[in-house]
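>>> need coordinates for the following:
(chains A and B)
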Amino acid sequence: MIKIENLSKQFETTRAVKDLNLHIEKGELFSFLGPNGAGKTTTIKMMVGLMTPTEGSIEMGGFDVERDPQKAKSIIGYVPDAAFLYQHLTGLELLMMVGQLYSMDNDAILRDKDVLSERLFMKEWLGDRISGYSQGMKQRLAFASAFLHHPEILIIDEPMVGLDPKTARIIKDMLKEQSDSGVTVFISTHNLNVAEELSDRIAIINRGKLLGLGTVDSFKAISGEQENLEERFLKIVDEEENNGSN
Amino acid sequence: MKRQNLKGFLSGVFKTKRLEVFVSSLIVFGLVFGGYRLFLSGGNFLLRQGELGEVFLDRLFYLGWSIIFYLLILSNLVTGFSTFYKSPEVAFLMTHPIDNTQIFRVKFIENLVYSSWAILILGIPLTLGYGELQGLLSWQYIVVFLFGILPFLFIATNSASLLLMLLVYLSRFFKMRTVFIFLGVIFIGFFYVYFNVNQQETMIGGGLGNFRALGRYLSNLSNNPFPFIPSYWLSQLFMGSETLAWTERLFFSALFLSSAALGWEIVSWIAGRAYFLTYQIMEGQGQKTKRKAMSRFFVFSWPGMRIPNKALVTKDIVQFLRTPQQWVQFLLMGFFIAVYLINLSRGSVHFDELAPFWRTSIYIFNFGFTGFILAALTARFVYPMISMEGRSLWMLQMAPFSMQRVFVEKFWFAFFVLFTLTEVVALASNFFLGQRMEISILASGFLFLTSLALISLSLGLGAVYAQFDESNPMKISSGYGGIITVVLSLIYVALSVTSLVLVINLFQGGGSGVLIGLIVSFVVVLTVLYTWLPLKWGFQAINKYER
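Numbers count the residues shown, from 1 in each chain, chains lettered A, B, ... in the order given. Alright, predicted model coming up:
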């Protein structure tokens, strides 16, 4: 469903992503882990077409993101790490706008909006202007707008940022349900518990390089002794940084 | 190989910012110098027409600085909202042990520079040209600048800052929308008094029909010099040594300096007591914006429009209506235009007294004025359209269509509104001026081309110089790209007006049809360049935009 081949991104003097290769199957819930500045967000922005790769290619659901961006975007739902939404609109208007951008008719938008607002506890404030929302409310609205057009692929950058524990639980459940129903879910996160709890597979990236790829269990068992994911993650990143500095 | 090297070298050079700044500075210099020469030769031409020309010239100058003064207050007010209250820097400084008056003073200077520099550049040709016509000596220019223009800017910022603090304070009791409506009513009321009550009959004297009708036209167009506003003091300072005694020059300089200094002290004193309070009021504004769930625009079925386009148009309309800085200014501009048309309609009974030369001159001035309105509207409202998407642009970039569609939607939206507005102004003013039908149609055609060119220019350059981190449209317009857009727009209007003058002269004098065709072709080619190139650059810029 997602095919990333030899992907690189160069910013003037920095190579943010280096020769990345990933294949993610339909219905898989995939976590992308890495410390700050590892290249996670850059990779995601290239996947959704907001940035152009310097080298390599990305296919989403069989559509090349560079050559066929519109078809690729029509099957993607995206939640950025900081959800900047149109401040002067109300939440309901934003959902109407997003639905219409994906050519949904008004009845379908309103029907799906009802389901999502109930699930994400947005009913009370959906008619208020976004400028008055807290970070968590904006994040919930961003999730609703990503789910609204029933995408085949969900790409979420830091899904739990700004969410209270109750909403975080709901989002986790929703992501799991989406994955079970055949939607491919790609999340980037710092939160190792989230990755451990949700993921079918994880990838670890640092300084733009893929350091490891596999199931959670395979990571835990890699050293022969049972470590938790956090310990394993820190070891991998530290080793890479030591090698890089030597 | 050599050719490739040269091509690579040139493309490298053109990519550098330094060259961009150089070329843009050259354009600004071109406008300043061209405007100065144009004003000078226009002024000399008017002076050759005798006493009437002299009066006309003085009125134009006075009118120019009066408009600049009100524009300055308005732009200070609008940029002041973000500079004094919405800037993250202010939020940061407020948490530190710094005197609020000091923060206010720093922001005051920032606001003064931000809101004045573009208008000042546009005022340079007027200053140099008129100064030379008045026979100012070099040292007198320095006096005019130091003791006239600088305090003039200060007075405008002083007035706007006071008004701004008052408005924010009032928003404690009323919704911000109500406060803006209140502000609009004050402006409209003031202009009503300014344009209508303060009109005397002093210019209408003598037995000459031309003098009488032109005097009435000018009297209706502006007003007679009103001695209590800085534009009047400035026009006095510009008088040459023969007209103005040195004691009078000293008086007006002292008047300027004392007014600016007193204003600064009053504003600082009030800021010491009210700035932090008003800052807190603004901080609480976000909590007062409970609105109805959904604007009817979102469910309105726009005839003949596809769903994604409908969403884009609806969003733009709703955002515009909910940004008071936008619609208040639009209404004010609409009001100025209405005043102009009403005054023209009042003067219409006298235009038949004018000789054909003066009638055509007024007609050309009117066309230039309409072009100027369009240039101002496009630079102010179309130029920030792409930047106003702000950090939410990703939502459109993620939508399953090309960004070209966003561009096209914004173009037609702006074209529909602005072309309709300016065409109404042109048709109505031509009617009041009693122009022949074929000349009115010709002017409408020119205006169609002008709308195409200026809207494309503003939209395209607005994308090239987009400022997605700035939410204040006025600040976006008065940025570097904004001034380049204004300059290029005015150059287009000047070329277009000159072409129209030539065509009318040839047409009325039974001149060569081939020459008329050539001039019209020149305007068409110019329009194609102004339309195609900026849209292409803008589209490329928005496609390459990554964040």
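
>>> can you tell me what sits against the helix or strand of chain A with the lowest mean pLDDT?
The least trusted helix or strand in chain A, going by mean pLDDT, DSSP states H and E, turns out to be helix A:229-245, with a mean of 72. By CB atoms under 8 Å, 6 or more residues apart in numbering or on different chains, the list of residues contacting helix A:229-245 from outside reads A:33-35, A:192, A:195-196, A:202, A:204, A:206-207, A:209, A:211-212, A:216, A:219-220, A:222-223, A:227. In short, each C-beta sits where N, CA and C put it, glycine included.

>>> among those residues, name the buried ones.
Buried by 16 or more other CB atoms under 10 Å in any protein chain shown: A:33-34, A:192, A:195-196, A:202, A:204, A:206-207, A:209, A:211-212, A:216, A:219-220, A:227, out of these.

>>> in helices, which of these appear?
A:Leu192, A:Ala195, A:Glu196, A:Val216, A:Phe219, A:Lys220 (DSSP state H).

>>> before we move on, the earlier item: so which of the contacts of helix A:229-245 reach chain B?
When contact is defined as CB under 8 Å from any CB of the partner chain, the contacts of helix A:229-245 do not meet chain B at all.

>>> show me how chain B divides into domains.
Per automatic domain parsing, the structural domains of chain B span B:19-173+B:208-286, B:290-322, B:324-547.

>>> quick one: the residue nearest to A:Val194 when sequence neighbours are not counted from A:Phe233, how far?
Nearest non-adjacent residue to A:Val194, counting by CB to CB, 6 or more residues apart in numbering or on different chains: A:Met160, 5.9 Å away. Between A:Met160 and A:Phe233 the distance is 17 Å, computed by CB to CB, to the nearest Å.

>>> residues contacting the residue nearest in space to the middle of chain A?
Against the mean C-alpha coordinate of chain A, by CA atoms, centre = their mean, the closest residue is A:Ile156 at 1.8 Å. Residues near A:Ile156 by CB under 8 Å, 6+ apart: A:Tyr78, A:Val79, A:Ala146, A:Leu175, A:Val185, A:Phe186, A:Ile187, A:Ser188.

>>> doesn't it belong to a helix?
No: A:Ile156 sits outside any helix when classified using DSSP: H, G, I helix; E, B strand; the rest coil, being strand.

>>> and it, how far is that from B:Phe228?
63 Å.

>>> could you export the domains of chain B as TSV, including mean pLDDT and mean neighbour count?
Putting those into TSV (pLDDT from 0 to 100; neighbours: other CB atoms under 10 Å in any protein chain shown) gives the following:
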stretch	mean pLDDT	mean neighbour count
domain B:19-173+B:208-286	80	18
domain B:290-322	80	16
domain B:324-547	84	19
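
>>> let me see the contact set for the nearest residue in space to A:Lys18 that is not next to it in sequence.
Using CB to CB, 6+ apart and skipping the chain neighbours, the partner closest in space to A:Lys18 is A:Gly208 (4.3 Å). For A:Gly208, the contact set (CB under 8 Å, 6+ apart) comprises A:Ser8, A:Lys9, A:Arg15, A:Ala16, A:Val17, A:Lys18, A:Leu20, A:Ala38, A:Gly39, A:Thr42.

>>> type out the ChimeraX command that picks the buried ones from those residues.
In ChimeraX, a selection of the buried entries from the contacts of A:Gly208 looks like this (16+ other CB under 10 Å):
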select /A:8,9,16,17,18,20,38,39,42
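
>>> what's near enough to touch residue 27?
As the question left the chain open, I've gone with chain A. A:Gly27 makes contacts with A:Met1, A:Ser179, A:Asp180, A:Ser181, A:Gly182, A:Val183, A:Thr184, as judged by CB under 8 Å, 6+ apart.

>>> that's the wrong chain, I wanted chain B
Neighbouring residues of B:Ile27 by CB under 8 Å, 6+ apart: B:Ile484, B:Val487, B:Leu488, B:Ile491.

>>> which SS state does it fall under?
Secondary structure state of B:Ile27, per three-state DSSP, is helix.

>>> how much space between it and chain A?
Going from B:Ile27 to chain A by CB to the nearest CB, to the nearest Å gives 28 Å.

>>> counting contacts, what elements does the lengthiest helix in chain B pack onto?
Ranked by number of residues, the top helix in chain B under DSSP H is helix B:246-283. Counting contacts by 3 or more CB pairs under 8 Å, 6 or more residues apart in numbering or on different chains; DSSP states H and E, helix B:246-283 packs against helix B:88-94, helix B:100-134, helix B:138-144, helix B:150-170, helix B:230-237.

>>> so where do the helices sit in chain A?
Using DSSP H, helices in chain A cover A:40-47, A:69-74, A:91-101, A:106-119, A:135-148, A:165-180, A:192-198, A:216-220, A:229-245.

>>> with distance to B:Thr420 as added columns, please give those in TSV.
TSV is the format used below for these (distance: least, CB to CB, whole Å):
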stretch	distance to B:Thr420
helix A:40-47	40
helix A:69-74	32
helix A:91-101	25
helix A:106-119	28
helix A:135-148	34
helix A:165-180	47
helix A:192-198	54
helix A:216-220	62
helix A:229-245	61
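
>>> go through these and name the closest to B:Gly334.
Taking CB to CB, helix A:91-101 is the member of the helices of chain A nearest to B:Gly334, at 26.2 Å.

>>> okay, that closest one in PDB with CA atoms only?
Extracted C-alpha coordinates of helix A:91-101, given in PDB (Å, rounded to 0.1, in the frame of the first residue of the first chain):
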ATOM      1  CA  GLY A  91     -15.300  23.500  13.500                       C
ATOM      2  CA  LEU A  92     -18.500  22.500  11.700                       C
ATOM      3  CA  GLU A  93     -17.600  24.800   8.800                       C
ATOM      4  CA  LEU A  94     -14.100  23.400   8.600                       C
ATOM      5  CA  LEU A  95     -15.500  19.900   8.300                       C
ATOM      6  CA  MET A  96     -18.000  21.100   5.600                       C
ATOM      7  CA  MET A  97     -15.100  22.700   3.700                       C
ATOM      8  CA  VAL A  98     -12.800  19.600   3.900                       C
ATOM      9  CA  GLY A  99     -15.700  17.300   2.900                       C
ATOM     10  CA  GLN A 100     -16.400  19.500  -0.100                       C
ATOM     11  CA  LEU A 101     -12.800  19.700  -1.100                       C
END
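
>>> that helix to helix A:106-119, inter-axis angle?
Computed by axes from the mean of the first three to the mean of the last three CA atoms, to 10 degrees, the angle separating helix A:91-101 from helix A:106-119 equals 130 degrees.

>>> if we can go back for a sec, what is the nearest of the ones in helices among the buried ones among the contacts of helix A:229-245 to B:Gln404?
So of those, ranked by how close each gets to B:Gln404 (CB to CB), first place is A:Ala195, at 38.7 Å.

>>> in the stretch 401-547 of chain B, which spans are strands?
Counting by DSSP state E, counting those that start in this stretch, the stretch 401-547 of chain B has no strands at all.

>>> which residues of chain A lie near chain B?
Checking chain A against chain B by CB under 8 Å from any CB, the hits are A:45, A:48-52, A:69-71, A:73-74, A:76, A:78, A:80, A:84-90, A:92-93, A:96-98, A:100-106, A:126-129, A:131-132, A:145.

>>> at 6 Å what do you get?
With the criterion set to CB under 6 Å from any CB of the partner chain, chain A comes near chain B through A:50-51, A:70, A:73-74, A:78, A:84-86, A:88, A:90, A:92-93, A:96-97, A:100-101, A:103, A:106, A:127-129, A:131-132.

>>> from B:Val179, how far off is B:Glu283?
16 Å.

>>> I should have written B:Phe431 there, sorry.
According to CB to CB, B:Phe431 and B:Val179 sit 38 Å apart.

>>> next: A:Leu148.
Counting by CB to CB, the gap from A:Leu148 to B:Val179 is 36 Å.

>>> over to A:Asp105?
Taken as CB to CB, the span from A:Asp105 to B:Val179 is 39 Å.

>>> higher neighbour count, these two?
The neighbour count for A:Asp105 versus B:Val179, taken as other CB atoms under 10 Å in any protein chain shown, is higher for B:Val179 (20 against 11).
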